[in-house]
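*Asks:* mind looking at a prediction? Sequence and model below.
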Amino acid sequence: LFKTGDAWKITRNTILYNGAFIIIDMVLAVSVAIMLNDIRKNWHKKAFQTFILLPYLVSMVVVSYIGYAFLSNTGFLNNTILPLLGLDTVSWYTEPKYWPFIIIFVHVWHGIGYYCIIYLSSLVGIDPGYYEAAQLDGATKWQQIKYVTLPFLKGTIITMFLLSIGRVFYSDFGLFYQVPMNSGS
């Protein structure tokens, strides 16, 4: 393997994909967890948590078919969204330039629920008195997130980051085999 030119390409792709997975998963999961934590109606919160966690709980085969139904030539995006915007249809599955985005999108969509629940469980443990004190001091919502929420999430973020680095060697077979659905190299 290392005598061929493919070794560098494989190593580069592994590092770039996993770097994107780690960064995007972390940023989106923390953002969604913060938004979920701010929902006040309990049934809304439970419905959103279920909706976000559901892709993580189903098989990658099911997730890949849902992604295919969304992105195929006769899929939801090409038949509904793009015509509303006045754009031409895109052949997502036959153009190699779209595959990095498809793989990253499906990975994030599949895994964000797990990470979001972890961060949300840490957010629930933050004492509301800190937010009340910040409001009394005139802090905006962004300042409360920056100076109260993120420092309390720091330990969880570091732990999840280290676990994500360990998953670089996990080799998500379902993601890289099921999502392309034999659409060519």
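*Replies:* Noted; the coordinates are in hand. Everything numeric here is computed off the predicted structure, so don't read it as measured data.

*Asks:* any idea which helix or strand in the protein has the lowest mean pLDDT?
*Replies:* Among the helices and strands of the chain, helix 173-178 carries the lowest confidence by mean pLDDT, DSSP states H and E, at a mean of 67.

*Asks:* what pLDDT does the spatially most central residue of the chain get?
*Replies:* Centroid-nearest residue in the chain: V108, 2.7 Å away (criterion: Cα atoms, centre = their mean). The pLDDT attached to V108 in the predicted structure is 90.

*Asks:* got the contact list for it?
*Replies:* F21, I24, D25, L28 (Cβ atoms under 8 Å, 6 or more residues apart in numbering). All C-beta spots, glycine's among them, are computed from the backbone N, C-alpha and C.

*Asks:* so the third one sits right up against G113, yeah?
*Replies:* When you say that, I think you mean D25. No: counting by Cβ atoms under 8 Å, no contact exists between D25 and G113, whose distance comes to 10.7 Å.

*Asks:* joint contacts of the two?
*Replies:* Common neighbours of D25 and G113, counting by Cβ under 8 Å, 6+ apart, are absent.

*Asks:* I'd like to know how far the residue nearest to the centre of the chain sits from L120.
*Replies:* The span separating V108 from L120 equals 17 Å under the rule Cβ to Cβ, to the nearest Å.

*Asks:* and P180, by the same measure?
*Replies:* Here P180 is placed at a distance of 32 Å from L120 (Cβ to Cβ).
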